[in-house]
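Enquirer: 3D, please:
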Amino acid sequence: MTLKLEVDTKAVIEGLSNISVGMNELTQPSVLDQISKAIFDITGKRFMIDVDNYARSNPKKMHHVYEWGKVGQASGRLFVLERSAIFNGTLVVEAKFLPSKLPVPISPAMLTPGKTGKAVSRRSIFANKATIMEKGTPVSFQAKRVLAFMGNGGIAFVAPGTKINILHPGGIGTRNAFAEYLLEWYMKNATVVLDSSGLYERIANDVAKVLGSSNASAIQVEKAVSLIANQYGAGSVIK
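Expert: So this is what the prediction gives:
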């Protein structure tokens with residue numbers, strides 16, 4: 001599943017109103033693209049920290065985008081942020097879900113041999129748990145072998161050939177939970193995070209130095225902003 005969010009980096013220029021000379025150089029697409037890279041890195045890394053904290057406080061909503069038993073842990077994330085494209089200073093951020101690699105947890109009671117001496121011998125991996133639970137897509141399948149699960153009265157069994165229907169995999173609360181948090185977070189926090197990062201001040205200072213030199217040019221401005229972006233990270237994927 002891919003979620004797209006556009007961040008208009010032309011707003012950055014409005015935050016640099018103290019620079020009156022060379023404004024044309026700062027608004028060149030190549031310069032804005034470098035600024036976009038820094039914005040992606042700064043906001044993306046902060047988002048990852050905040051979403052982990054949110055998940056730990058709201059596991060019923062966010063457990064599906066983490067590995068089993070690792071809700072809110074960086075090592076358990078089943079999602080990444082990608083800088084998929086930059087168009088003249090407009091940054092496109094995509095959130096992509098990763099496949100789960102851990103077996104679905106089962107009750108310890110099902111691993112203990114019962115009266116027949118048998119116990120659960122195979123465990124399944126729900127690879128697309130993040131995508132399916134986020135969409136709220138019902139799951140339907142036919143049992144290929146005897147299945148066991150914990151019911152209200154203890155362990156229950158399902159015979160081979162039985163059709164299984166799960167209307168709300170992960171629970172009703174997971175549907176669109178990650179998408180809603182992502183959009184809300186960027187709307188409420190992106191500007192604040194950027195303001196406190198020092199990015200604008202750094203660009204203003206370094207560009208002012210370039211424009212004050214004898215060899216000032218659009219190319220020199222781009223190089224200065226590019227150097228800043230690379231120092232913030234400027235990677236294309238945040239895990």
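Enquirer: could you use CA atoms for every contact and neighbour count after this?
Expert: Noted.
Enquirer: can you give me the helices in this structure?
Expert: Applying DSSP state H to the chain gives helices spanning 10-14, 23-26, 29-57, 59-62, 129-135, 177-197, 199-211, 218-232.
Enquirer: relative to residue 97, which of these is closest?
Expert: Nearest to residue 97, of all the helices of the chain, is helix 129-135, at 6.3 Å by Cα to Cα.
Enquirer: contacts for that closest one, please.
Expert: Outside helix 129-135, the residues that touch it by Cα atoms under 8 Å, 6 or more residues apart in numbering are 1, 64-66, 78, 97-100, 138, 168-171, 174-178.
Enquirer: can I get the buried part of those residues as one PyMOL selection?
Expert: Buried residues within the contacts of helix 129-135, by 16 or more other Cα atoms under 10 Å, are selected in PyMOL with:
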select buried, resi 64+65+66+78+97+98+99+100+168+169+170+171+174+175+176+177+178
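Enquirer: low-confidence ranges in the protein?
Expert: Along the chain, segments meeting pLDDT under 70 span 1-3, 7-25, 108-122, 147-154, 156, 234.
Enquirer: thought residue 54 was touching residue 72?
Expert: Yes: under the criterion of Cα atoms under 8 Å, residue 54 makes contact with residue 72 at 7.5 Å.
Enquirer: more crowded one of those two?
Expert: For residue 54 versus residue 72, neighbours defined as other Cα atoms under 10 Å are more numerous around residue 72 (25 against 16).
Enquirer: pull the contacting residues for the residue nearest to the more buried one when sequence neighbours are not counted.
Expert: Computed as Cα to Cα, 6 or more residues apart in numbering, the closest residue to residue 72 that is not its neighbour in sequence is residue 52, at 4.1 Å. Residue 52 makes contacts with 71-74, as judged by Cα under 8 Å, 6+ apart.
Enquirer: and which of those residues is nearest residue 164?
Expert: residue 71 (26.8 Å).
Enquirer: these two touch, right, that closest one and residue 62?
Expert: Yes: in this structure, residue 71 is within contact of residue 62 by Cα under 8 Å, at 7.4 Å.
Enquirer: quick one, which of those two is more surrounded?
Expert: Under the criterion of other Cα under 10 Å, the comparison of residue 71 against residue 62 puts residue 62 first, with 27 against 24.
Enquirer: against residue 86, how distant is the more buried one?
Expert: 29 Å (Cα to Cα, to the nearest Å).
Enquirer: what of residue 140?
Expert: Taking Cα to Cα, one finds residue 140 at 40 Å from residue 86.
Enquirer: now do stretch 32-48: distance to the chain's middle.
Expert: Relative to the centre of its chain, stretch 32-48 is centred 13 Å away, using Cα atoms, centre = their mean, to the nearest Å.
Enquirer: ok, residues contacting that stretch?
Expert: The contact list for stretch 32-48 (Cα under 8 Å, 6+ apart) reads 9-10, 26, 81, 83, 86-91, 93, 185, 190, 193-194, 197, 222, 225-226, 228-230, 232-236, 238-239.
Enquirer: same thing but at 7 Å, please
Expert: With Cα atoms under 7 Å, 6 or more residues apart in numbering as the test, stretch 32-48 has contacts from 9, 26, 81, 83, 86, 88-89, 91, 190, 193, 225-226, 229, 232-235, 238.
Enquirer: stretch 232-239 too?
Expert: Outside of stretch 232-239, the residues within contact range by Cα under 7 Å, 6+ apart are 37-38, 41, 44-45, 80-83.
Enquirer: so which pair among the residues you listed is furthest apart in space?
Expert: Maximum pairwise distance among the contacts of stretch 232-239 (Cα to Cα): 17.0 Å, between 38 and 80.
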